[in-house]
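A.B. asks: coordinates for the following, if possible.
(one chain, ligands or ions: 1)
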Amino acid sequence: MPPPVFRFAPSPNGHLHLGHAYSALLNFDRAQETGGRLLLRIEDIDATRCRPEFEAAIYEDLAWLGIAWDTPVRRQSEHLADYRAALAKLAALGLVYSAFESRAEIARVVAAREAGGPWPRDPDGAPLYPGDAKSLTASERSRLIDSGAPYALRLDMAEACRRVSGLSWNELGEGPDGERGVVAARPEAWGDVILARKETPTSYHLSVVVDDALQGVSEIVRGQDLFHATSVHRLLQALLGLAEPIYRHHGLIRGADGRKLSKSDRSTGLRELRDAGVTAAGVRRLVGLDQVSLGVSQTPP
Ligand code: GLU
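C.D. replies: Numbering: from 1, shown residues only. As a prediction, this is how the structure comes out:
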């Protein structure tokens with residue numbers, strides 16, 4: 001058996017906080033315990049929010065925590081051709097369509113539909129795509145594209161689920177409702193997810209599955225906030241013929257108010273804690289990982 005491969009995959013759109021430290025340390029400890037490799041991936045496809053100074057701060061903060069990773073670091077913005085190729089494969093399967101509604105138009109359609117009762121929402125609480133772009137004729141579609149209109153490329157979820165069904169994944173951690181072991185994937189709960197946009201040939205879902213496969217990631221250790229997204233990831237892996245990793249979702253570090261930490265909250269930022277005199281060992285204690293040997297079997301605070 002080749003050694004397991006782990007990855008920590010932050011987005012450089014802000015400074016890391018205690019929640020990131022917890023996730024990065026779990027990955028690092030797990031790689032150490034298993035003799036595996038830890039990769040670092042910079043998820044910087046959102047050019048409007050990602051900044052080089054945040055990326056530099058990620059390296060600095062992780063090194064301060066005592067985390068070492070394999071190089072080279074994969075920066076998603078440098079691999080758009082890989083995502084374009086995967087998108088082309090899904091398009092060739094007839095599973096991708098362009099949709100031209102703006103966010104505001106979508107919100108208006110959802111509000112109108114909700115007059116007749118609740119409109120379904122995805123596991124993150126966002127309304128499912130309510131539009132009918134799937135049924136545009138080829139000539140209407142090319143007229144809109146030729147007019148320069150912006151568009152999103154969406155997955156035809158109903159058709160994708162007809163092609164591959166009965167998907168599941170092996171969960172070594174725990175979902176938000178205690179799910180563990182073999183978990184049935186429910187990608188249909190997400191509706192026609194966005195795979196790419198006119199100006200960006202990818203999305204979070206598409207690039208994460210392409211990269212995990214290309215980098216040979218075998219065990220994905222990440223926060224429970226991404227547990228339900230795994231259903232979409234399993235679907236894309238099956239459609240693209242990619243290897244299936246195992247998953248270990250961990251609990252989230254929460255603020256004093258019980259909410260998920262945010263990059264804009266300074267009190268839990270690693271830089272702020274460091275400036276206040278907290279050590280790397282102190283960060284481990286704060287996230288409940290002071291007994292390194294317990295690794296991921298430790299329950300989060
Ligand atoms: N880039 C994502 C984030 O910062 C994590 C992606 C993943 O672990 O799948 O939340």
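
A.B. asks: where's H20, which helix or strand?
C.D. replies: helix 18-34 (DSSP states H and E).

A.B. asks: which strands and helices sit next to that helix?
C.D. replies: Where contact means 3 or more Cβ pairs under 8 Å, 6 or more residues apart in numbering; DSSP states H and E, helix 18-34 is packed against strand 5-8, strand 37-42, strand 219-223, strand 246-250, helix 270-275, helix 280-286. Any C-beta I mention is one placed from the backbone N, CA and C, and that applies to glycine too.

A.B. asks: one more pass at 10 Å, please.
C.D. replies: In this structure, helix 18-34 makes packing contacts with strand 5-8, strand 37-42, helix 52-64, strand 219-223, strand 246-250, helix 270-275, helix 280-286, judged by 3 or more Cβ pairs under 10 Å, 6 or more residues apart in numbering; DSSP states H and E.

A.B. asks: measure how the fifth one sits relative to strand 219-223, angle-wise.
C.D. replies: When axes from the mean of the first three to the mean of the last three Cα atoms, to 10 degrees is applied, the directions of strand 246-250 and strand 219-223 differ by 20 degrees.

A.B. asks: returning to what we had before: can you redo the helices and strands packed on helix 18-34 as a markdown table with mean neighbour count?
C.D. replies: What follows is the helices and strands packed on helix 18-34, written out as a markdown table (neighbours: other Cβ atoms under 10 Å):
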| stretch | mean neighbour count |
| --- | --- |
| strand 5-8 | 24 |
| strand 37-42 | 21 |
| helix 52-64 | 16 |
| strand 219-223 | 22 |
| strand 246-250 | 20 |
| helix 270-275 | 17 |
| helix 280-286 | 16 |
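
A.B. asks: quick check: residues of the stretch 1-150 of the chain near the ligand?
C.D. replies: Residues of the stretch 1-150 of the chain found near the ligand (Cβ under 6 Å from any ligand atom) are A9, P10, S11, E43.

A.B. asks: which of those ranks first by neighbour count?
C.D. replies: A9 (24 neighbours; other Cβ atoms under 10 Å).

A.B. asks: and the nearest residue to that one once chain neighbours are set aside, what is it in contact with?
C.D. replies: Of all residues not flanking A9 in the chain, R41 sits nearest, at 4.2 Å (Cβ to Cβ, 6 or more residues apart in numbering). Taking Cβ atoms under 10 Å, 6 or more residues apart in numbering, we find R41 in contact with 7-11, 69, 73-76, 79, 207-208, 211-212, 215, 217.
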